[in-house]
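Undergrad: The sequence and its predicted three-dimensional model are supplied below.
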Amino acid sequence: MNLPEVPGLEERLAAVDRVVEAAHLAERSRELDRAPAFPREEFRALAGAGLVGLRTPTRLGGQGLPMRAAGRLLYRLAQRSGTTFAKLSLQPEFCSVLAERGTPEQIAESFRPLVRGERLIGNHVTEPAAGSDAAAIALSVERTREGYVLNGTKSEAAFAVDAEAAIVYGRLADGTDRDAGVTAFLVPQHLPGIRREIVPDLGERWMRRGTVRYAGVRLPLEARIGEEGAAFTYLKEELTRERALLAMIYLGVGRASWTETVAHVGARSAFGRPLHHQQAVAFPLVEDGARLDAAELYADRVLADLDGGRGHDGPAALAKWLATETALSAIDHAIQFHGGRGYSSALPHEQRWRDVRSGGIAHGPSEIMHVVAARELWPRGGRASSPTGD
């Protein structure tokens, strides 16, 4: 569909198309599903085309784009090559706490190389007993004269064995409040006491998620990001932006499968009639197209509101939920209406379904997205908000 115009976007969209073709990103996404590895060469190619650090300020080496423009570029990248390279493009956003709260030394040594596609940084939040409930982070942080000591386990960590460094969230021993005490650190992943292992996933296998254990890992004072005990607030701010942008990625993938299936149904016959004359096939595709249009408009409005300083956690959470469900439905119908080939790895739909399925879990599961939105309708101890924002 044609969304409202974003000034100066067409040239950047053309850059997306060029790098997809030149680096064979669609084909590489399929290959990385079958032989998982971190695509360093493609990471550098994306960075060279200005597609890493889309929202990162220009003073830090990024493009400094508004949310809506970044969302459109991520949508096109996902539509052309799946979630793999769109999420790779978004890596600096996943590490924005470092750009916004890091020291000049941390930014120079780690964040700028990330934007250049030269250094990979993980983001270690989730724990075995602290997934949806990030305030329950239990990795212990002991303060010493020289700095800090970390003990604990992080699970479902993207780039578990590939990242050169990670932003690690832990809790100071004197943090009694659930939100208090949570502190962020930039941790080189080669330090003594760190053990890393891959736990194979259903989809997005190129991320090679896994478990990272910290046992008596010693850090200098300079490893801390921001203030002690303030990182839970940093994390919430980052998640709102991430969720809104991820919505555009999932919708781009869903749109790709829908478009390919419409073409397939238009060219195929069954029982002596064109397949699109079968209402059981045509009607679900018509509905999927309308739902994709609606979800794209909603996500675009959320991004525009964030650009204008009117954004809230609830709409961003709902954008991710709606995008995930809408894309999964469209891809599921693509699998169904392509028959046996749709279910096989001969076509990209089954991989797309597996990759997008992570959207209902990662960066806040769908159930929690509803909780976030409900809290804005009925704030604790406050007057109920209008669903229309009035």
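TA: Cool, the structure landed.

Undergrad: only C-alpha atoms for contact and neighbour calcs from this point on.
TA: OK.

Undergrad: contacts for the helix or strand of the chain with the lowest mean pLDDT?
TA: Of all regular secondary-structure elements in the chain, judged by mean pLDDT, DSSP states H and E, the least confident is strand 269-270 with a mean of 83. Where contact means Cα atoms under 8 Å, 6 or more residues apart in numbering, the residues beyond strand 269-270 that reach it are residue 275.

Undergrad: Could you point out the helix or strand that follows that strand?
TA: Elements were assigned by DSSP states H and E; along the chain past strand 269-270, the next helix or strand is strand 273-274.

Undergrad: what's the spacing between the helix or strand just after that following strand and its chain's center?
TA: Under the assignment DSSP H and E, the closest C-terminal helix or strand after strand 273-274 is helix 279-307. Relative to the centre of its chain, helix 279-307 is centred 19 Å away, using Cα atoms, centre = their mean, to the nearest Å.

Undergrad: how about helix 279-307: buried residues?
TA: For helix 279-307, burial by neighbour count (16 or more other Cα atoms under 10 Å) applies to 281-282, 285, 288-289, 291-306.

Undergrad: repeat for stretch 370-377
TA: By neighbour count on 16+ other Cα under 10 Å, the buried set for stretch 370-377 is 372-373, 376-377.

Undergrad: for residue 92, what are its contacts?
TA: By Cα under 8 Å, 6+ apart, the contact set of residue 92 is 52-53, 56, 111, 114-115.

Undergrad: Then residue 91?
TA: The contact partners of residue 91, by Cα under 8 Å, 6+ apart, come to 52-53, 114.

Undergrad: now the residues you listed in JSON lines, with neighbour count?
TA: Rendered in JSON lines, the data for the contacts of residue 91 read as follows (neighbours: other Cα atoms under 10 Å):
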{"residue": "52", "neighbour count": "29"}
{"residue": "53", "neighbour count": "30"}
{"residue": "114", "neighbour count": "23"}
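
Undergrad: Quick one, which of those has the minimum pLDDT?
TA: The lowest pLDDT within the contacts of residue 91 belongs to residue 53, with 94.

Undergrad: that's a helix at that one, yeah?
TA: No: if the criterion is DSSP: H, G, I helix; E, B strand; the rest coil, then residue 53 is coil and not within a helix.

Undergrad: was I right about it contacting residue 90?
TA: Yes: A contact is recorded between residue 53 and residue 90 when judged using Cα atoms under 8 Å, the distance being 6.8 Å.

Undergrad: Can you give me the end-to-end span of stretch 134-146?
TA: For stretch 134-146, the separation between the terminal residues is 28 Å (Cα to Cα, to the nearest Å).

Undergrad: what comes into contact with that stretch?
TA: Applying Cα under 8 Å, 6+ apart, the contact partners of stretch 134-146 are 125-127, 129-130, 148-154, 169-173, 178-179, 182, 219-221, 232.

Undergrad: again, only using 6 Å
TA: 130, 148-152, 170-172, 178-179 (Cα atoms under 6 Å, 6 or more residues apart in numbering).

Undergrad: again, but for stretch 327-335
TA: For stretch 327-335, the external contacting residues (Cα under 6 Å, 6+ apart) are 251, 254, 257-258, 261, 288, 342-343, 353.

Undergrad: pLDDT of that stretch, averaged?
TA: Looking at stretch 327-335 alone, the average pLDDT works out to 98.

Undergrad: number of nearby residues for residue 80?
TA: Applying other Cα atoms under 10 Å, we find 21 residues neighbouring residue 80.

Undergrad: just how off-centre is the helix or strand containing it within its chain?
TA: Under the criterion of DSSP H and E, residue 80 resides in helix 67-81. Using Cα atoms, centre = their mean, the mean C-alpha position of helix 67-81 is found 12 Å from that of the whole chain.

Undergrad: mind listing the strands for the chain?
TA: 121-124, 140-143, 147-157, 165-172, 182-188, 194-198, 210-220, 224-225, 269-270, 273-274 (DSSP state E).

Undergrad: taking the mean pLDDT, what do you get for the last one?
TA: Taken as a whole, strand 273-274 carries a mean pLDDT of 86.
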